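Visitor: got a predicted structure plus its sequence, pasted below:
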Amino acid sequence: MRALLNQRLLTLAVLAVIISLLPFVFPSSYYFRVASLVWVSALAAIGLNILMGQAGQVSLGHAAFFGIGAYAVAIGPTHLGIPPWAALLIGAILSSVLAYLVGRPILRLKGHYLAIATLGLGVLVALVISTESRWTGGPDGMPVERLTLFGWRVSGSYTWYWVTGALLLVGTWIALNLDETPTGRAFRALHDSEVAAQVVGVDVARFKLQAFVIAAVYASLAGSALAFMNGFINPDQAGFIHSVELVTIVVLGGLGSVVGSIVGAAVLVTLPQALTVFHEYEHLLLGLIIIVSMIFMRNGIVPSLSGLFLRRARS
Amino acid sequence: MAEFLQFLISGLTVGAVYALVALGFTLIYNASGVVNFAQGEFVMLGGMVTVFASAAGVPLPLAALIAVAASIMIGLLLHRLAIEPARGASAVTLIIITIGASILLRGLAAIIFDKQFHKLPAFTGDAPIDILGAAVQPQSFWVLGGAAVVVVTLYVFLEHTLIGKAVLATAANRLAARLVGINTTTIMALAFGGSAAIGAVAGILVTPITLTSYDVGTLLALKGFAAAMLGGMGNPVGAVVGGLLLGLLEAFGAGYLSSTYKDAFAFLVILIVLFVAPQGLFGRRAVERV
């Protein structure tokens, strides 16, 4: 238990050190922007990993909640006069209510049926966002008012680097702790075997729903953060491709590994930026890298590599 | 009445394409348990290769043949280079691999071909045929007829040939199939090749109506997957019915209710169907062994 606690604190400390040291090696504000994008994607992925890696339920429509969070902070201040910080909370509440209402019937489904149902939910939300252009600006997207907290106007890639970094730290801390609570253990139990979990008295339906709501809130907050940071938002953020990106981050980094989600986000966000030098070969290489890394590290980057190190250390 | 007929025929035409994509999904899923998200890319390849081959002066029927052959090649390569090496990986890992493959194929198509929209001439002219007041493009009949031929061929192959029965046996129980001497790896390769061919045929048939470009695959894969699930995953009849149903839903939804929410009806109905029948319309209730 003590060792576990230390390991958790160690993970957090390492993450904090990395976040605070990176600025010393960043040559331009472009790097701060890319790093902030990594933190935001990692936050959403950590949430999704609680659902996928811990509770063992897949979601192919998770960008819907990301989109709700993003559009809440866009629409709230612009059309309804709600202060930006309150809009962020409303987005999170809306996401969790939707996850709660839809989660009940959806989470009864299994495997590929759950995948298509969540995919359908994602497509529906994205469709509403890109169609109701009176509110959302349609496919072109809409501008987002800057976030103001206690008179402090949060703007600039440097500031947002620290804000998103802090958000990621909090998100990581909660996810790591969750793993060791009765709820986290219940998640793992129903991941391993739903029937066995039910037999030992885990309320399967309730815990699945909890994981779904938690994952939705993570995604919603990440979406709000991205919208504030960019000052602009478009429907792609809620679309199917973004959902697939989030799932890919989780699986590439390692299902069930919180650190894995951060590593996965770092790889999948920075890779396209790095590959732009190859111009038209960008997608080709991205696809190739995804295939090759999934073949050779089929459990994800972090679990595969740490397994390798452990074996080395033992021999 | 004319309006109704118009929606009916356009719905069936689009539905036939969805049905073919769903059938490709089902074939691969049954043989290997993989949900192949690169299925839409075969449709894209079918259309694009035909367009570029015929632009290079190859007669249309030959160009179509080349396109089918090229897609089969890609399908076999996909199996050999990406799926086979990851044998035994979890379902979600395999899904990510096929998503990677679809990104790769899309990138490849953008390089080899281009990023423009392309059209094929309709096989037998553009003059609409009047059926009880509905104006129907002749190409619609090609799509419907072509889809029917594919379905019948696949049925005969599966039910009346030895290799087809081996595919069914592999689908029913891979281990048992291996025990009676079926080379399941070959069968899986066959499924990928066959599924690629079906996708390519769909792409060739529908390109004169809907145009094609390097990125049409994503949406088609989505709709095909939805159709397969609507019918009940792994059930070929379900895939065809699911595809046609999806096409009809879209056509009537767009025609009578709202064309901007065309894609919404299909997914709304899928959600409702799954709430009522969690195994799809034709799926068997799975018995979980503990």
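Guide: Yes, it's here. Since this is a predicted model, take the numbers as computed values, not measurements.

Visitor: quick check: buried residues in the helix ranked longest in chain B?
Guide: Taking DSSP state H as the criterion, chain B has its longest helix at helix B:2-32. Residues B:6-7, B:9-32 are the ones in helix B:2-32 that count as buried (16 or more other Cβ atoms under 10 Å in any protein chain shown). The C-beta positions use only the backbone N, C-alpha and C, and glycine is treated the same way.

Visitor: interface residues of the stretch 151-290 of chain B facing chain A?
Guide: B:218, B:222, B:225-226, B:229, B:233, B:260-261, B:263-264, B:267-268, B:270-271, B:274-275, B:278-280, B:286, B:288, B:290 (Cβ under 8 Å from any Cβ of the partner chain).

Visitor: which ones are touching residue B:265?
Guide: B:249, B:250, B:253, B:254, B:257 (Cβ atoms under 8 Å, 6 or more residues apart in numbering or on different chains).

Visitor: rounded mean pLDDT for the lengthiest helix in chain A, please.
Guide: Ranked by residue count, the top helix of chain A under DSSP H comes out as helix A:204-230. Averaged across helix A:204-230, pLDDT comes to 94.

Visitor: inside strands: which ones of the contacts of residue B:265?
Guide: Among the contacts of residue B:265, no residue falls in strands (DSSP state E).

Visitor: who wins for most neighbours among those residues?
Guide: Taking other Cβ atoms under 10 Å in any protein chain shown as the neighbour criterion, residue B:250 ranks highest of the contacts of residue B:265 with 24 neighbours.

Visitor: right, and it touches residue B:14 too?
Guide: Yes. Contact criterion Cβ atoms under 8 Å: residue B:250 and residue B:14 qualify, at 6.4 Å.

Visitor: residue A:45 is in contact with residue A:249, correct?
Guide: Yes. Between residue A:249 and residue A:45 there is a contact at 4.3 Å, judged by Cβ under 8 Å.

Visitor: those two: who's more crowded?
Guide: Ranked by neighbour count (other Cβ under 10 Å), residue A:249 and residue A:45 place residue A:45 first, with 35 against 28.

Visitor: pull out the buried positions in the helix or strand in which the more buried one is found.
Guide: Here residue A:45 sits within helix A:29-49, counting by DSSP states H and E. Neighbour-count burial for helix A:29-49 flags A:31-49 (criterion: 16+ other Cβ under 10 Å).

Visitor: where along the stretch 151-290 of chain B do the strands fall?
Guide: Assigned by DSSP state E, counting those that start in this stretch, the stretch 151-290 of chain B shows no strands.

Visitor: helices of that one, residue ranges please.
Guide: Taking DSSP state H, counting those that start in this stretch, the helices of the stretch 151-290 of chain B run over residues B:162-172, B:174-179, B:184-210, B:217-231, B:236-252, B:262-276.

Visitor: give me the neighbour count for residue B:127.
Guide: Neighbour tally, residue B:127, other Cβ under 10 Å: 10.

Visitor: what's the answer for residue B:135, then?
Guide: 13.

Visitor: quick one, what contacts it?
Guide: Here residue B:135 is in contact with B:6, B:128, B:129 (criterion: Cβ under 8 Å, 6+ apart).
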